[in-house]
Each structure stands twice: as structure tokens, then as C-alpha cells.
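>>> Sequence below, structure please.
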Amino acid sequence: MSGPNEQILQERRELKAQYGELFDAIADLLFRHDPARINFEINPGEYQYEVAKILPRLRACQSAEDVQQLVHEQFVGSFDLLTAGPPQRYSQIASEIWQLWEDVSSHPKNALTG
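Residues are numbered from 1 along each chain as shown. Here you go, the predicted structure:
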């Protein structure tokens, strides 16, 4: 019987399989921008939990502004309002995620299933 940690790891493996390089690209982007100020340059996988929560919800987004709201909400939920900071902190992050999402979803060979 697997515990909660194994279940979380399995869910991440499934998301990585479904979204491919997009999962890692968004995790790298969050690590680089470090909106929660937790990047001590020792754990590039620090934001994988947030990516796992954000990716499935990207389909509902219609713009970078929607992505900004989604990402900010996730960071408030993962940390707290003080650590997450204001929604404006996520403007550039959202723009980059939106561009990645559009690039992946606009190419038939890269089209996401689901």
C-alpha cells in the first residue's frame, strides 16, 4: 500500500507524461522567477507542487490575465498571502506561461490530450 507521498509522486509522474516538456518548462520558469522567494539555488524542483496544481487548470484560461489570477491563487493557497505577494508579482510569469501554453496547444503534434 502506498502512502500519501507516493501518491503525490505518482500524480506528478502522470502529469509529466501528459504534459511532457511543458511541466518542466513551467517548473524552471517558476524557479527562475522565484515568486515565493524560496529559491536558494539548491532545489530546482522546488515549484513542482505548484506546477502540478496549475497545469490541469490552464485549459480554462483564455488569456495571460487569467493565468496570472490562477498562478497567484495557487501561490496564496500553497504559501500564504504575505509570501505570495500581490497579483502583479505574477504578471511576467503569467505572460511566459501563457506563451508556453499557446505554443504547445497550437501545434497538432504537441496537442495536449484530455
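>>> Could I get the pLDDT score of the closest residue to residue 11 other than its chain neighbours?
Excluding the flanking residues, the one nearest residue 11 by Cβ to Cβ, 6 or more residues apart in numbering is residue 52, at 6.4 Å. To be clear about C-beta, it is placed using only N, CA and C from the backbone, and glycine gets the same treatment. Per-residue pLDDT puts residue 52 at 93.
>>> I am assuming residue 52 contacts residue 14, so please confirm or correct that.
No - under the criterion of Cβ atoms under 8 Å, residue 52 is not in contact with residue 14, lying 9.4 Å apart.
>>> Pick out whichever of those two has more residues nearby.
residue 52 (20 against 11; other Cβ atoms under 10 Å).
>>> In contact with the more buried one, which residues?
11, 12, 15, 23 (Cβ atoms under 8 Å, 6 or more residues apart in numbering).
>>> Please name the spatially closest residue to the last one (chain neighbours excluded).
It stands for residue 23. Looking at residue 23 with Cβ to Cβ, 6+ apart, the closest residue is residue 16, at 4.7 Å.
>>> which parts of the helix or strand containing that neighbour are buried?
Element membership for residue 16 (DSSP states H and E) is helix 4-19. By neighbour count on 16 or more other Cβ atoms under 10 Å, the buried set for helix 4-19 is 12, 15, 16, 19.
>>> mind checking pLDDT for the first one?
The predicted local distance difference test score for residue 12 is 80.
>>> so it makes contact with residue 45?
No - counting by Cβ under 8 Å, residue 12 stays clear of residue 45, with 9.4 Å between them.
>>> Which one of the buried residues of helix 4-19 is nearest to residue 103?
Nearest to residue 103 among those: residue 19, at 12.6 Å, using Cβ to Cβ.
>>> pLDDT-wise, which helix or strand of the chain ranks last?
Using mean pLDDT, DSSP states H and E, helix 4-19 stands out as the lowest-scoring helix or strand of the chain, at a mean of 83.
>>> Past it, which element shows up next along the chain?
For helix 4-19, the following helix or strand on the C-terminal side (DSSP H and E) is helix 21-33.
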